[in-house]
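>>> Compute the structure for the input listed below.
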Amino acid sequence: MLPDNEVAIDLDDGGRWTSLILGGREWLWSGPGLIAGSREGLTEYVDVGGLDECFPTVRGVPDHGGLWNQSWGSLDEDEDWDVVPYGEAVLLRRFNGGETPVEAGDAGAIWVDYRLIAPAGYRFIWAAHTLLDCAVGASVEVPADTVCRLYPQDGSDWAESSSWSELDLATYGPSDGTALGAVLVDCPTASVVDQGIELTLSLSCSGQPVSVALWRNLGGFPAQAPYRSLGVEPMLGRVFGLSEAGPGDAAVVPESGELTWRLVVTARSV
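Prediction:
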């Protein structure tokens, strides 16, 4: 029998979350089996599933950020914190630190605190690149009036829609050969309903742009060997690529030189 709530990570493989068990079931997709072992030292991103910490960008250079091929460590003075340097920045992460968040209520919950130490004015995009193991028919739920930026898989520029309700993106349907990404702008919370359980991901970071990235691959990517994957990815920012971020589209480190945020993941039966 699976435990009710548990997360497993691999510090040697980019600090990746390899398992997320909530409500007695596994949520993370294990990937298409493209590689075994750590990706440390690789120069091109390899999709292995789970949850990658994307920083300081999602798309662009480096693809999926610069942490997925780095080995993480523990903070010398407090081993509860995972830590990884990147250029002039240092990212720290602690699971279930501090008080139980109010958002958890009586549901199963895992929460993660983040600290970024970097020069004042440092701009970045961060995403919890969460790839979920869901059945055909699973649904993604966000407020109907959420503004979306759509990114076609052909690499063309994103196009903005007025609201989530106008788009046919909510259902993780059967394979149809399509793949696309979207950024759900200024959307701090998204839920996925799959086989009678609702998984909710909520991100909070005062004064910063908080959104959700969506990746829906219905057998449309990659062209040479397509597979299925569903990404629901809480993010700081409003675009996938840091290089395309306009005013207000990226997170910015304040004058203090430190920025903190919290990710809460809950599950309940529906």
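
>>> residues in contact with Leu242?
Pro56, Thr57, Gly60, Arg123, Phe124, Ile125, Ala250 (CB atoms under 8 Å, 6 or more residues apart in numbering). (C-beta placed from N, C-alpha, C; glycine too.)

>>> Which of those are buried, as a ChimeraX select command?
Selecting just the buried residues from those in ChimeraX takes one command, with 16 or more other CB atoms under 10 Å as the test:
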select :56,57,60,124,125,250
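
>>> Any chance of the contacts of Leu242 in JSON lines with secondary structure, pLDDT and distance to Glu77 as columns?
Formatted as JSON lines, the entries for the contacts of Leu242 read as follows, by DSSP: H, G, I helix; E, B strand; the rest coil; pLDDT from 0 to 100; distance: CB to CB, whole Å:
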{"residue": "Pro56", "secondary structure": "coil", "pLDDT": "98", "distance to Glu77": "25"}
{"residue": "Thr57", "secondary structure": "coil", "pLDDT": "97", "distance to Glu77": "30"}
{"residue": "Gly60", "secondary structure": "coil", "pLDDT": "90", "distance to Glu77": "34"}
{"residue": "Arg123", "secondary structure": "strand", "pLDDT": "98", "distance to Glu77": "28"}
{"residue": "Phe124", "secondary structure": "strand", "pLDDT": "98", "distance to Glu77": "25"}
{"residue": "Ile125", "secondary structure": "coil", "pLDDT": "98", "distance to Glu77": "29"}
{"residue": "Ala250", "secondary structure": "coil", "pLDDT": "98", "distance to Glu77": "30"}
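
>>> Of the contacts of Leu242, which pair is most distant in space?
Across these, no pair lies farther apart than Gly60 and Arg123, at 12.9 Å, counting by CB to CB.

>>> quick revisit: can the contacts of Leu242 go into TSV with extra columns for distance to Glu40?
TSV is the format used below for the contacts of Leu242 (distance: CB to CB, whole Å):
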residue	distance to Glu40
Pro56	19
Thr57	20
Gly60	21
Arg123	26
Phe124	22
Ile125	22
Ala250	27
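
>>> Kindly check the end-to-end length of stretch 145-164 for me.
According to CA to CA, to the nearest Å, stretch 145-164 extends 6 Å from its N-terminal end residue to its C-terminal end residue.

>>> Could I get the full set of strands for the stretch 151-270 of the chain?
Under the criterion DSSP state E, counting those that start in this stretch, the stretch 151-270 of the chain carries strands at the ranges 159-161, 171-172, 178-184, 189-194, 197-204, 210-221, 227-236, 251-252, 258-269.

>>> Any chance of a markdown table for these, columns mean neighbour count?
Shown next, in a markdown table, are those (neighbours: other CB atoms under 10 Å):
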| stretch | mean neighbour count |
| --- | --- |
| strand 159-161 | 12 |
| strand 171-172 | 17 |
| strand 178-184 | 22 |
| strand 189-194 | 20 |
| strand 197-204 | 20 |
| strand 210-221 | 22 |
| strand 227-236 | 23 |
| strand 251-252 | 20 |
| strand 258-269 | 19 |
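
>>> of those strands, which approaches Val83 most closely?
For the strands of the stretch 151-270 of the chain, proximity to Val83 was assessed by CB to CB; strand 258-269 is nearest, at 13.4 Å.

>>> and the angle for that closest one with strand 197-204?
In terms of direction (axes from the mean of the first three to the mean of the last three CA atoms, to 10 degrees), strand 258-269 departs from strand 197-204 by 160 degrees.

>>> How about residues contacting strand 258-269?
With CB under 8 Å, 6+ apart as the contact definition, strand 258-269 has outside contacts at 20, 22-23, 25, 27, 101, 103-105, 107-118, 128, 196-205, 208, 234, 236, 251, 253.
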